[in-house]
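J.: Next one to model:
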Amino acid sequence: MIDTLIYYLDIHVGAITAVATTIIAAFTIALACSTKKLWGITKESVDLAREEFTASHRPRIILRNVSVINENGYKIIYSLVNIGGSKATIVNSWILTEFINPSMPIRNIRSAGHDDLGKVELQAGECRDFNCELVGDTSLFMRFGKNTLRFGENSNADLFFAGSVRYADNFNNIRDSFFRRKFEGGGFCRTNDADHEYAD
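T.: From the prediction side, this is the model:
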């Protein structure tokens, strides 16, 4: 019986090898398909973890330390601080002073098309100082007060320091920060409107 089995295997060795090779090939293909699916699932998990990290550690730029100084002309010295958990790169910025009549609605400015600060990177926790020169009516207002604005559209206006900063996080998600402070009592103070100071 054993001799018969050996004889049979010896005669059909090519067919047995072909069947074994086919089974191994099928197993290899199945393994490749499952590995590809596993790679896709792993990539999705990594992308989701990255998005969650970005959402919880995103950058957030806010305004701090606003003061007015007179050194060869009036200027506003202020700080922008990234209080978020990752780097912010400023891509657009518009910083200005403006007079707004109390009877007029106040619209938030948008930084698109403006580049007042340049391309600035703020690491997580970093504070950077900037300044805004005051010229024309603004400089007169700082020097002599509201009574210097007796004529024209600014005659009853309030002075505001405002800015709009658009910045990107590490994954190029765009975010906006906006601030508006009103000049009162010798300095720029927060208004009572939550829309006048926010960061995405």
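
J.: residues touching residue 93, list them.
T.: For residue 93, the contact set (CB atoms under 8 Å, 6 or more residues apart in numbering) comprises 111, 114, 115, 116, 117, 118, 163, 164, 165, 166. The C-beta positions use only the backbone N, C-alpha and C, and glycine is treated the same way.

J.: which secondary structure element contains the first one?
T.: Translated: residue 111. With the criterion set as DSSP states H and E, no secondary-structure element contains residue 111; it sits in neither a helix nor a strand.

J.: Could you pull up the residues touching it?
T.: 92, 93, 94, 164, 165, 166, 176.

J.: and if you look at the second one?
T.: For residue 114, the contact set (CB under 8 Å, 6+ apart) comprises 92, 93, 94, 164.

J.: any idea how far it is from residue 163?
T.: Distance, residue 114 to residue 163, using CB to CB, to the nearest Å: 10 Å.

J.: so which helix or strand takes in residue 42?
T.: Secondary structure assignment for residue 42, by DSSP H and E: helix 13-56.

J.: Name the next helix or strand downstream of that helix, please.
T.: Next along the chain after helix 13-56, taking DSSP H and E as the criterion, comes strand 61-70.

J.: can I get the CA coordinates of the longest strand along the chain in CSV?
T.: Taking residue count as the measure and DSSP state E as the definition, the longest strand of the chain comes out as strand 88-100. C-alpha atoms of strand 88-100 as CSV (Å, rounded to 0.1, in the frame of the first residue of the first chain):
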residue,chain,number,x,y,z
ALA,A,88,0.0,79.7,13.4
THR,A,89,1.2,81.4,10.2
ILE,A,90,-0.4,84.7,9.4
VAL,A,91,-1.4,84.9,5.7
ASN,A,92,-3.4,88.1,5.6
SER,A,93,-3.7,91.0,8.0
TRP,A,94,-5.4,94.4,8.2
ILE,A,95,-4.6,96.6,11.2
LEU,A,96,-6.0,100.2,11.3
THR,A,97,-7.5,103.0,13.3
GLU,A,98,-10.9,104.4,12.3
PHE,A,99,-13.4,106.9,13.4
ILE,A,100,-17.0,105.7,13.6
